[in-house]
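Undergrad: Predicted structure and sequence below. I'll ask about it afterward.
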Amino acid sequence: MSKMKWAQQLAKDAGVHIQWHEVSDQAWGQQKNAALAAGEIDDVDIDTFSPSDAAHNPEAFEELGKDLNKLPNVQKFFRDRPDIKKTVTLGGKIYVLPSGRFKKFEGAGSHLMINKQWLDKLGLKVPTTWDELENVLKAFKTRDPNGNGKADEIPFNPKKLETDRITDWYLPTILMNSTGIVTTSNSGPSQNGIYVKNGKVGNFMQTPQFRQVIEFLYKLRSEGLTPQDWVTADDDKYNARNGGDGKSAATVGVAFGWDDSAFGAYGSKIANQYISIPMPAAPGVPQSKVVADGSGPMTRFENFKCAMSSHAANKDAALKVINLLYSKKYSIQQEYGTIGTDVLQKGPNSYEVTPGFRKKMAEGSNLPALSDRLAGWVSDDINVTGDYVADHFAKADEAYHEQYKHYSHTKDMMPNYVQLPESEQNDFANTNTALFNYAIPVVARFVTKGGADNDAKWNEFQSNLKKYKIEDNTKLWQKAYDQQVK
Ligand code: MG
């Protein structure tokens, strides 16, 4: 950090000397609790503490919500996005500030990707229903679309089930959206099955739509359209399958992914074969009711980006640094590096990422910037060209723009600012531990061996979910929703 030019300018503009401490994610995971317990935190902390960390240790943190008169750039951020302000407000207090990066990152993190080259070669259309998808997958399996004379195609490559939640990034349970139930798979209680329909909170594991998804996944596996071991295949195996032969022959037809980079480097012969497609409709669901994952704001915004020690020796200086971090000038530089070297200013609100910076992005190390770890606000009026990750991601997300309009983002999903009070978070977590210890092995059996179509087995599963207090968690979230979404 101390060698980045923009970081040196920051110290100069703030009139302070900054001593940077850097710590890897892994090391921080081991150090954080000890740092909190000792109350030893740095004056200004970037990408280190969550609102919940602060709520548990309020004496260690400056209550930044009381300092907003000294943070006009943060005030502007909160005026622009009151929904994001709510993500850092706990019990009326703000200790930790959020971040928002370039607007092209506002979109669902998990996109349904398909091998367009295979579709074209076989003369097939983009599937718009599960039935059409199944037929496409069968053609992928039997008609050697990668042309190597071997039946080596993996028509659909689902990411393995997690042990402590029902959905997450890239999990096949995102197919819930095909039924009209919105997931927000990036984070939050949707990962535990919590959903909202017209203001009423439920758990989708208790719905007939979930049963449909489970039965569909079983059907695809029983027809050999997914790897037989997908439920437990580790990430290395999953990613290796997506990568095909690593040169020119793809082996996967369909998978959930960030964008085409799920299959290889941008521009590579394999990655170039893939496009995103809208969620296909489950049987009986009209296209107008099919939805797409509502995680959009969570991909662009994060709520744990900047905190300040309550013991900072010079509070005004620390606040000055924080305010500068959230200025346009330093937000853009945190994300894209030093203006004039890594990113060029082309107009009052337009910037161009340089080839040199792009090369470093591709190498994936030693970026002279914080990238998505920024503590800043790259507002909607700012345009950036040359960020190929943003460009590919935004292109992949375009397929869902229509389906985002098929639901209310406050009445039909849990907005990302809704939080359980601290006093209820342990109850929620403890119930989930027992609930998913029971439920995931059952779901894994249903999708590998079948049985969800059997009423007696399904009803037993449902009655056990209740025994494991699934409805207690729904009640907690209904109360939080009713109090916070108005
Ligand atoms: Mg083949």
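TA: Nice, I can see it. It should be emphasised that the depicted structure is a prediction, and the values quoted were computed from it without experimental measurement. Numbering: from 1, shown residues only.
Undergrad: Output the set of residues of this structure in proximity to the ion.
TA: Residues of the chain found near the ion (C-beta under 5 Å from the ion) are D144, N146, N148, K150, D152. All C-beta atoms are positioned from the backbone trio N, CA, C, and that covers glycine.
Undergrad: and the last one, what does it touch?
TA: So that's D152. If a contact means C-beta atoms under 8 Å, 6 or more residues apart in numbering, then D152 has N146, T251 as its contacts.
Undergrad: For ChimeraX, write the selection for the buried entries among the residues of the chain next to the ion.
TA: In ChimeraX syntax, the buried subset of these is picked out as below (16 or more other C-beta atoms under 10 Å):
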select :144,146
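Undergrad: The residues of the chain next to the ion into CSV, with extra columns for pLDDT and secondary structure?
TA: Formatted as CSV, the residues of the chain next to the ion follow (pLDDT from 0 to 100; DSSP: H, G, I helix; E, B strand; the rest coil):
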residue, pLDDT, secondary structure
D144, 98, coil
N146, 97, coil
N148, 94, coil
K150, 95, coil
D152, 97, coil
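Undergrad: tell me the domain ranges of the chain?
TA: 5-104+299-385, 108-294+386-486 (automatic domain parsing).
Undergrad: End to end on the last one, go ahead and measure it.
TA: It stands for domain 108-294+386-486. 24 Å (C-alpha to C-alpha, to the nearest Å).
Undergrad: chain center to that domain: distance?
TA: Distance, stretch centre to chain centre, for domain 108-294+386-486: 13 Å (C-alpha atoms, centre = their mean, to the nearest Å).
Undergrad: Same question for stretch 99-117.
TA: So, by C-alpha atoms, centre = their mean, the centroid of stretch 99-117 is 9 Å from its chain's centroid.
Undergrad: which parts of that stretch are buried?
TA: Buried, per 16+ other C-beta under 10 Å, within stretch 99-117: 99-117.
Undergrad: Select from those every entry located in helices.
TA: K116, Q117 (DSSP state H).
Undergrad: So which of the buried residues of stretch 99-117 are in strands?
TA: Taking DSSP state E as the definition of strands, the buried residues of stretch 99-117 contribute S99, G100, H111, L112, M113, I114, N115.
Undergrad: Switch these over to a markdown table; also include pLDDT.
TA: What follows is those, written out as a markdown table (pLDDT from 0 to 100):
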| residue | pLDDT |
| --- | --- |
| S99 | 98 |
| G100 | 98 |
| H111 | 98 |
| L112 | 98 |
| M113 | 98 |
| I114 | 98 |
| N115 | 98 |
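Undergrad: Now tabulate these in a markdown table and tack on distance to L220.
TA: A markdown table is the format used below for those (distance: C-beta to C-beta, whole Å):
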| residue | distance to L220 |
| --- | --- |
| S99 | 38 |
| G100 | 38 |
| H111 | 19 |
| L112 | 14 |
| M113 | 16 |
| I114 | 14 |
| N115 | 16 |
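Undergrad: Which member of the residues you listed is positioned nearest the ion?
TA: Proximity of those to the ion (C-beta to the ion) peaks at N115, which lies at 11.8 Å.
Undergrad: Quick check: the closest one touching F140?
TA: Yes: if you go by C-beta atoms under 8 Å, N115 and F140 touch, sitting 7.5 Å apart.
Undergrad: any common contacting residues for the two?
TA: G253, V254.
Undergrad: so what's the most centrally placed residue in the chain up against?
TA: The chain has N186 as the residue nearest its centroid, 3.2 Å off, counting by C-alpha atoms, centre = their mean. N186 makes contact with A108, G109, S110, W169, D293, S295, M298, T299 under the criterion C-beta under 8 Å, 6+ apart.
Undergrad: now swap in L68 and tell me
TA: V74, Q75, F78.
Undergrad: Next one: the last one, what pLDDT does it get?
TA: The predicted local confidence for F78 comes out at a pLDDT of 98.
Undergrad: So it, which state does it fall into?
TA: At F78 the chain is in helix, as set by DSSP: H, G, I helix; E, B strand; the rest coil.
Undergrad: average model confidence for stretch 375-392?
TA: 97.
Undergrad: quick one, phi/psi of whichever residue of the stretch 151-300 of the chain sits closest to the ion?
TA: Closest to the ion within the stretch 151-300 of the chain is D152: 4.6 Å, counting by C-beta to the ion. Backbone dihedrals for D152, given as degrees, to the nearest 10, come out at phi -100, psi 10.
Undergrad: Could you report the neighbour count for S423?
TA: 8 (other C-beta atoms under 10 Å).
Undergrad: now the one 4 residues further on
TA: Summarising burial for D427: neighbours were counted as other C-beta under 10 Å, giving 14.
Undergrad: so what does the helix or strand it falls within touch, helix or strand wise?
TA: Assigned by DSSP states H and E, D427 falls within helix 422-449. Helix 422-449 is packed against helix 51-56, helix 208-222, helix 455-467, helix 470-484, with contacts defined by 3 or more C-beta pairs under 8 Å, 6 or more residues apart in numbering; DSSP states H and E.
Undergrad: relative to helix 470-484, how tilted is it?
TA: Here the directions of helix 422-449 and helix 470-484 differ by 130 degrees (axes from the mean of the first three to the mean of the last three C-alpha atoms, to 10 degrees).
Undergrad: hmm, back to that, tabulate the contacts of N186 (CSV), appending pLDDT and distance to A14.
TA: Output for those, formatted as CSV (pLDDT from 0 to 100; distance: C-beta to C-beta, whole Å):
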residue, pLDDT, distance to A14
A108, 95, 37
G109, 93, 34
S110, 97, 39
W169, 97, 37
D293, 98, 40
S295, 96, 35
M298, 93, 30
T299, 95, 30
